[in-house]
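*Asks:* The sequence and its predicted three-dimensional model are supplied below.
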Amino acid sequence: AAAAAAATHSTNQHPLGPCPLQTMLKNGMVITAHASSAYRHSLAEVLLSPAVQNRIQDSAAGREIAALERWRRVFATNPDRAFFGMKHVMTAAGVGAVATLLISDRVLRARNVEGRQKALALVELVKEMNGDVFVFSSLHVSGEELNKLTGVAAVLRYDFPEPDDEEDERAREEEEKEAKALQEAEAAALAFFDRGGSIFVDNGTEE
């Protein structure tokens, strides 16, 4: 009977000892989290769950996810304090308005030399202004999400109205018109003097 009981006990044991998954669950080494689907984009949903955030908040990935989520919250409630896109973020950084810069490694490794230099200059500018810089990996789900926002985003220190592209275009057109008018005026003046013209000033002397 004792031998039979021992045999029965041995058949119920895992051949390699206790089941690894059961051991990890028992020791809190496995975290369960809800996802609305099994597709890749649901990873962001899982990573933002409180259970996962409590475990990874002190890791680089955890800090990046938290920074991206904070940008989204600010953008939803106060768009004047959350920019995205190189042009707008660079404008804000130029006046020291960027508190937190989020930039993708894809932007920093751009094939275009000018674009790469601009991205590196932006990072250095934000650091000089005592801003926080987060470089996101494009291989991580948070980096993929940031790349959907052009790969560059920023949380600002204060409200900073977003530059108006149409207004900028109108300003450039006005500058071009003024420059053209000045060139035409200078050309007309030179032609006038070439024909022997003179200008008289108030004191009556001729120039």
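*Replies:* Received the coordinates, thanks. Because the structure is predicted, anything quoted here is derived from the model rather than measured. Numbering: from 1, shown residues only.
*Asks:* can you give me the strands for the protein?
*Replies:* Remark: strands assigned in the chain by DSSP state E are 82-84, 98-104, 132-136, 152-156.
*Asks:* These: which one's closest to Val126?
*Replies:* Nearest to Val126 among these is strand 98-104; the distance by CB to CB comes to 4.5 Å. No exception for glycine: its C-beta is placed from N, CA and C like everyone else's.
*Asks:* Adding mean pLDDT, mean neighbour count and distance to Ala110, write the strands of the chain out as CSV.
*Replies:* Formatted as CSV, the strands of the chain follow (pLDDT from 0 to 100; neighbours: other CB atoms under 10 Å; distance: least, CB to CB, whole Å):
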stretch, mean pLDDT, mean neighbour count, distance to Ala110
strand 82-84, 95, 22, 16
strand 98-104, 96, 23, 10
strand 132-136, 95, 19, 14
strand 152-156, 97, 25, 11
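*Asks:* Select, out of the ones you listed, the one closest to Lys180.
*Replies:* strand 82-84 (33.3 Å).
*Asks:* What are the buried residues along stretch 131-147?
*Replies:* Buried residues in stretch 131-147, counting neighbours by 16 or more other CB atoms under 10 Å, are found at 131, 133-134, 136-137, 140-147.
*Asks:* related to what we said a few turns ago, tell me which of the strands of the chain approaches Lys118 most closely.
*Replies:* For those, proximity to Lys118 was assessed by CB to CB; strand 152-156 is nearest, at 9.9 Å.
*Asks:* sorry, back to before: could the strands of the chain go into TSV alongside distance to Arg195?
*Replies:* As requested, the strands of the chain are exported to TSV (distance: least, CB to CB, whole Å):
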stretch	distance to Arg195
strand 82-84	55
strand 98-104	57
strand 132-136	62
strand 152-156	56
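*Asks:* between these, which one is nearest to Lys177?
*Replies:* strand 82-84 (30.0 Å).
*Asks:* Can you list the neighbours in contact with that closest one?
*Replies:* 71, 74-75, 89, 92, 149-150, 152-156, 160, 162 (CB atoms under 8 Å, 6 or more residues apart in numbering).
*Asks:* mind redoing it with 6 Å?
*Replies:* Strand 82-84 has contacts (CB atoms under 6 Å, 6 or more residues apart in numbering) with Trp71, Val74, Phe75, Val89, Ala92, Leu149, Thr150, Ala153, Ala154, Val155.
*Asks:* which among those gets closest to Arg195?
*Replies:* Proximity of the contacts of strand 82-84 to Arg195 was ranked by CB to CB; the top entry is Ala92 with 52.9 Å.
*Asks:* residues near the closest one, how many?
*Replies:* Ala92 has 23 neighbouring residues, counting by other CB atoms under 10 Å.
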